[in-house]
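K.L.:
output the structure for:
(chains A, B, C and D)
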Number of protein chains: 4
Amino acid sequence: MKLAEAREVLARANRMIANEGVLDAFGHVSMRHPGDPGRYLLSRSRAPELVQPDDILEFTLDSQPVKPTDVRLYGERVIHGGIYQARPDVNAVCHHHAPSILPFCISGSDLKPVYHLGATLGEKVPFWDARDEFGDTNLIVAKPEEGASLARALGPHWIVLMRRHGATVAGVSLEELTFRTIYTARNAALQIHAHTLGHVSPLNANETRLAGEYNLRPGPVMRAWEYWNVRLDKAEGTWRGQKSPARSPKKPARTSKPKSKTKRRR
Amino acid sequence: MKLAEAREVLARANRMIANEGVLDAFGHVSMRHPGDPGRYLLSRSRAPELVQPDDILEFTLDSQPVKPTDVRLYGERVIHGGIYQARPDVNAVCHHHAPSILPFCISGSDLKPVYHLGATLGEKVPFWDARDEFGDTNLIVAKPEEGASLARALGPHWIVLMRRHGATVAGVSLEELTFRTIYTARNAALQIHAHTLGHVSPLNANETRLAGEYNLRPGPVMRAWEYWNVRLDKAEGTWRGQKSPARSPKKPARTSKPKSKTKRRR
Amino acid sequence: MKLAEAREVLARANRMIANEGVLDAFGHVSMRHPGDPGRYLLSRSRAPELVQPDDILEFTLDSQPVKPTDVRLYGERVIHGGIYQARPDVNAVCHHHAPSILPFCISGSDLKPVYHLGATLGEKVPFWDARDEFGDTNLIVAKPEEGASLARALGPHWIVLMRRHGATVAGVSLEELTFRTIYTARNAALQIHAHTLGHVSPLNANETRLAGEYNLRPGPVMRAWEYWNVRLDKAEGTWRGQKSPARSPKKPARTSKPKSKTKRRR
Amino acid sequence: MKLAEAREVLARANRMIANEGVLDAFGHVSMRHPGDPGRYLLSRSRAPELVQPDDILEFTLDSQPVKPTDVRLYGERVIHGGIYQARPDVNAVCHHHAPSILPFCISGSDLKPVYHLGATLGEKVPFWDARDEFGDTNLIVAKPEEGASLARALGPHWIVLMRRHGATVAGVSLEELTFRTIYTARNAALQIHAHTLGHVSPLNANETRLAGEYNLRPGPVMRAWEYWNVRLDKAEGTWRGQKSPARSPKKPARTSKPKSKTKRRR
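P.N.:
Predicted coordinates for the structure are as follows:
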């Protein structure tokens, strides 16, 4: 994938996740630079729903802009840099404050996979409390050591809850990240309503592993990716009617493909 | 109904149910082939909101495509084939993961008819747990024996809950199926909120039977069908204003009519 | 108000209440005939969101169509006729199954005014259970004696809850009815959420009477009426931009005015 | 800022807050006159979603219109005048009945900052009950002494809950007010859902102060302001596509800037 294409698809991922109600004025989505694993791409400071390809800037892994700039940058970009440093297998990161996830960050209740699509949470959801290491703060993850601490809490997992703040999600590809971000938010809402009914019976570890692997294959991930793309087009007024495309859909072809070279995802 | 018409109406049913919030990127709607009860129609693998007539393929009742194809197919089509095999009276099937139904699949709480339109649940809602027969799985119903097991669990009923997964709904016609799918999801949401208030007093067996029969007559079913059609037109930008049509509405005439030859539905 | 104008405004009220999420495929809104108190106006059987002026028919107070017709009629029109017979002060009626109201119909919990706009519930909300008088039924109010029973349960009040079915709301004018229907549904949702927090402290009888009188004056009622009209125009694509009209707004002038001749509403 | 510009931005703030679901047919937003601290600007009586620059009138701090007018005025404008009299540091006020805030006004449960953006609630949220001082009323704040009482309850804080009625929010600028109004409503919804899960662990006083200061800086406030502006443009059909503007965004430049001269906001 070339840089121009990466900028376009990353901008769309920002808008897609916002369009599905997971991001609002705040939060951000990044991806590792397609040509240089020592850099990542992230928008200038702007609400994700508004992000355009021209807004996407390049950063080093210590979260400094590659080219000097006087535009306003996200204060929390160390979240992204910290994870890309610690996790070579991660190629995309989303930080958000989804309405369905926050109640778990506030109550401290365990977020668990409660249906097959929620298995994308993975087998463990770590909980990070900035207060443990840094005492009373403004809850913002802005210093390099805070980003590194959060990355340590994430460890080998795929989502970390942040006490009274939000969540940070990782993926091996931008499409996988989008899938995990949206379906873990949906899972959280379902868990709250199941809790209301009195009893939550989550997937066990085996089911979580098996359902996670099944749903993160390219087929399901790209099916959902096409769907969110069309919904974004509808919301932005760029949808040209539901003509059935040639059998090999064009939309996902315009975007990057999930990394499917590792055995694990097969 | 001819095949071309069936494809069009089935594609619309996919999009209508999605437009009402019951289906998202996943789930699917099928109907029995109008000219051959030994076949059924189902889309290639695609989010229901995007399904077009050209996407609809023919399958044998053991869920093999009638014509060889290299397009991606739904992994769970045995859900449909299994039910069409077991239930000659069923002509349409929907598998979904509606946000209001899932809390019952997760908590194991009984889903019950709590208002007249929810009586379309029928007198009993079976609960199927793949783990009972198949142990730990990825929760996906992809093998013929899994489809057959689910069909046995459905038995003579009209909806079956699937543990930590979703629901599968059946109907004697596509319109009835659409009606039952949407109103059982609405019923589930109401039951959750009534539970929140402290007490759920469902319909008794007599009321369920009487209200179910009343609401599944052609009149109510086609009234709702016209409504969901117009709402879909609004969402897709194909609505041409709310001109009152000639007294015999055109929309439902374009679509198939509910099977009303059996005494039972009169 | 002439008949043609009444038909137009009644059709709009159906669509406005549907557009605010209180009505769906079912439910209906009627008004007393502006020129003949012995008749009322009601749509043919059609989802409220679709109702157009041409759909509006005239009925006698025993709910027979004034002119013979072969169009399908609402099965529950005796709800309207029964109330117009029993309550000469009522000029508009809405029957609905709002998602926020149904939990009270299902749980039997008392619906109470919990904020000033909810005071339009009035000081008492009667609860009608068809089973008390008629035993097990399909829950539909279709027979004249059922309509009369419901009207007796309503008595001198303004809204009656119907067990496992829905609610019926009355108003001295179509605009007041619209206001009461929407704000009592909003009040119900607030009460459910306040209950979730642990304690519901409703308005007392004095506050209910005072706030009800204040909010049902022409000023507040027409302010909300203009608002719901514009929102309907936006939803139907007929909105022509938010130009500030001449200081005496045109929209409400096109519609009937609340009856304001009685001292009680001053 | 000139008066014409103030009228335009105030009208937009009314529509933006309505577009985010915090205001409905009722509620209102005002700002202090940009050229005369002894006056304030407020719309004539109209639903906030409909307010246009021409609707904005000038009022003295005792809530009398500066120019005689025969248009209908908001009955509760003393809420605004009372606060502008008592609080010279306040330049914008919003009174609303947001669905997420009302459950706290009804139940009496404490509304607390539960995430960093909710820290805009401030360290204390006073609770005002009109009944304490005025006995049974229609709950409307229409008399000067009622407005003064509410302003006393607000004291040096930024939001006051009004028993069985709603909330009133203050800001040092219109943009800060918009930010606080929307994010305190979001915070309330999160608190309800966290409560459902069983335990609410709010920010402590230090975190509240630090996170409040951080998020009320011009950067975050204007980032959200741009976002809500674009969303309003989309809703009103005036959005011209998501072209990335020159790096210094035009939208916020059209509107007033947050007061950033005080050290406190830096």
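K.L.:
report the separation between residue A:169 and chain B.
P.N.:
Distance check for residue A:169 against chain B: by Cβ to the nearest Cβ, to the nearest Å, it reads 17 Å. (Each C-beta comes from the backbone N, C-alpha and C, glycine too.)
K.L.:
residues touching that residue, list them.
P.N.:
By Cβ atoms under 8 Å, 6 or more residues apart in numbering or on different chains, the contact list for residue A:169 reads A:93-96, A:158-159, A:177, A:180-181, A:184.
K.L.:
surely it is within a strand?
P.N.:
Yes: assessed by DSSP: H, G, I helix; E, B strand; the rest coil, residue A:169 belongs to a strand.
K.L.:
how near is it to residue C:47?
P.N.:
40 Å (Cβ to Cβ, to the nearest Å).
K.L.:
show me what contacts the most centrally placed residue in chain A?
P.N.:
Most central in chain A under Cα atoms, centre = their mean is residue A:94, positioned 3.2 Å from the mean C-alpha point. Residue A:94 makes contacts with A:17, A:23, A:27-30, A:168-169, A:171, A:177-178, A:181, as judged by Cβ under 8 Å, 6+ apart.
K.L.:
make TSV out of those residues and add secondary structure, pLDDT and distance to residue A:140.
P.N.:
Below are these laid out as TSV (DSSP: H, G, I helix; E, B strand; the rest coil; pLDDT from 0 to 100; distance: Cβ to Cβ, whole Å):
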residue	secondary structure	pLDDT	distance to residue A:140
A:17	helix	98	20
A:23	coil	98	17
A:27	coil	98	13
A:28	strand	98	13
A:29	strand	98	18
A:30	strand	98	17
A:168	strand	98	13
A:169	strand	99	18
A:171	strand	98	23
A:177	helix	98	22
A:178	helix	98	24
A:181	helix	98	20
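K.L.:
tell me if the residue nearest to the centre of chain A really is in a strand.
P.N.:
Yes: the assignment for residue A:94 by three-state DSSP puts it in a strand.
K.L.:
beta partners of it?
P.N.:
residue A:29, residue A:169 (DSSP bridges).
K.L.:
any idea how far residue D:99 is from it?
P.N.:
28 Å.
K.L.:
go on, residue A:53?
P.N.:
Taken as Cβ to Cβ, the span from residue A:53 to residue D:99 is 37 Å.
K.L.:
in chain A, which helix or strand is least confident?
P.N.:
Lowest by mean pLDDT, DSSP states H and E among the helices and strands of chain A is helix A:250-254, with a mean of 36.
K.L.:
what ranges do the strands span in the stretch 1-150 of chain A?
P.N.:
A:28-32, A:39-43, A:56-60, A:92-96, A:127-128 (DSSP state E, counting those that start in this stretch).
K.L.:
which residues does the first one contact?
P.N.:
The set of residues external to strand A:28-32 that reach it, using Cβ under 8 Å, 6+ apart, is A:6, A:9-10, A:13-14, A:17, A:23, A:39-43, A:48, A:74, A:76-77, A:80, A:84, A:90-95, A:174, A:177.
K.L.:
6 Å instead, please
P.N.:
A:10, A:13-14, A:40-42, A:74, A:80, A:84, A:91-95, A:174 (Cβ atoms under 6 Å, 6 or more residues apart in numbering or on different chains).
K.L.:
what angle separates it from strand A:39-43?
P.N.:
150 degrees (axes from the mean of the first three to the mean of the last three Cα atoms, to 10 degrees).
K.L.:
can I get stretch A:5-24 as CSV, trimmed to CA atoms?
P.N.:
The C-alpha coordinates for stretch A:5-24 follow below in CSV (Å, rounded to 0.1, in the frame of the first residue of the first chain):
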residue,chain,number,x,y,z
GLU,A,5,-3.7,5.1,-0.2
ALA,A,6,-2.9,4.7,3.4
ARG,A,7,-3.9,8.2,4.2
GLU,A,8,-7.2,7.8,2.4
VAL,A,9,-8.0,4.5,4.1
LEU,A,10,-7.0,5.8,7.6
ALA,A,11,-9.1,8.9,7.2
ARG,A,12,-12.0,6.7,6.2
ALA,A,13,-11.5,4.4,9.2
ASN,A,14,-11.6,7.4,11.5
ARG,A,15,-14.9,8.5,9.9
MET,A,16,-16.4,4.9,9.8
ILE,A,17,-15.8,4.3,13.5
ALA,A,18,-17.2,7.7,14.3
ASN,A,19,-20.2,7.0,12.0
GLU,A,20,-20.9,3.8,14.0
GLY,A,21,-21.2,5.9,17.3
VAL,A,22,-17.9,4.7,18.9
LEU,A,23,-16.0,7.9,18.5
ASP,A,24,-17.3,11.4,19.0
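K.L.:
for that stretch, which positions count as buried?
P.N.:
A:6-20, A:22-24 (16 or more other Cβ atoms under 10 Å in any protein chain shown).
K.L.:
now, which of those lie close to chain D?
P.N.:
Here nothing survives when the buried residues of stretch A:5-24 are matched to chain D using Cβ under 6 Å from any Cβ of the partner chain.
K.L.:
could you measure residue A:27 against residue D:115, distance?
P.N.:
Counting by Cβ to Cβ, the gap from residue A:27 to residue D:115 is 12 Å.
K.L.:
counting by contacts, list what the host helix or strand of residue A:192 packs against.
P.N.:
Element membership for residue A:192, per DSSP states H and E: helix A:174-197. Applying 3 or more Cβ pairs under 6 Å, 6 or more residues apart in numbering or on different chains; DSSP states H and E, one finds that helix A:174-197 contacts helix A:3-19, strand A:92-96, strand A:166-171, helix A:218-236, helix B:102-107.
K.L.:
what's next to it, contact-wise?
P.N.:
Residues contacting helix A:174-197 (Cβ under 6 Å, 6+ apart): A:13, A:17, A:20, A:22, A:31, A:92, A:94, A:98, A:100-101, A:111, A:114, A:117-118, A:120-121, A:159, A:169, A:171, A:200, A:216, A:221, A:224-225, A:256, A:258, B:102-103, B:106-107, B:109, B:192, D:193.
K.L.:
the closest residue to residue A:26 other than its chain neighbours: how many residues sit nearby?
P.N.:
Once flanking residues are discounted, residue A:26 sits nearest to residue A:97: 6.2 Å by Cβ to Cβ, 6 or more residues apart in numbering or on different chains. Each residue near residue A:97 was counted by other Cβ atoms under 10 Å in any protein chain shown, and the total is 22.
K.L.:
go on, residue A:241?
P.N.:
8.
K.L.:
quick one: pLDDT of it?
P.N.:
According to the predicted model, the pLDDT of residue A:241 comes to 79.
K.L.:
low pLDDT regions in the stretch 1-150 of chain A?
P.N.:
Residue ranges of the stretch 1-150 of chain A with pLDDT under 70: none are present.
K.L.:
for it, which residues are neighbours of chain D?
P.N.:
Checking the stretch 1-150 of chain A against chain D by Cβ under 6 Å from any Cβ, the hits are A:25, A:45, A:47, A:50, A:52, A:54-55, A:71-72, A:102-103, A:106-107, A:109, A:136, A:138-140.
K.L.:
what's the PyMOL line that selects buried ones from these?
P.N.:
To isolate the buried members of these in PyMOL, using 16+ other Cβ under 10 Å:
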select buried, chain A and resi 25+45+47+50+52+55+72+102+103+106+107+109+136+138+139+140
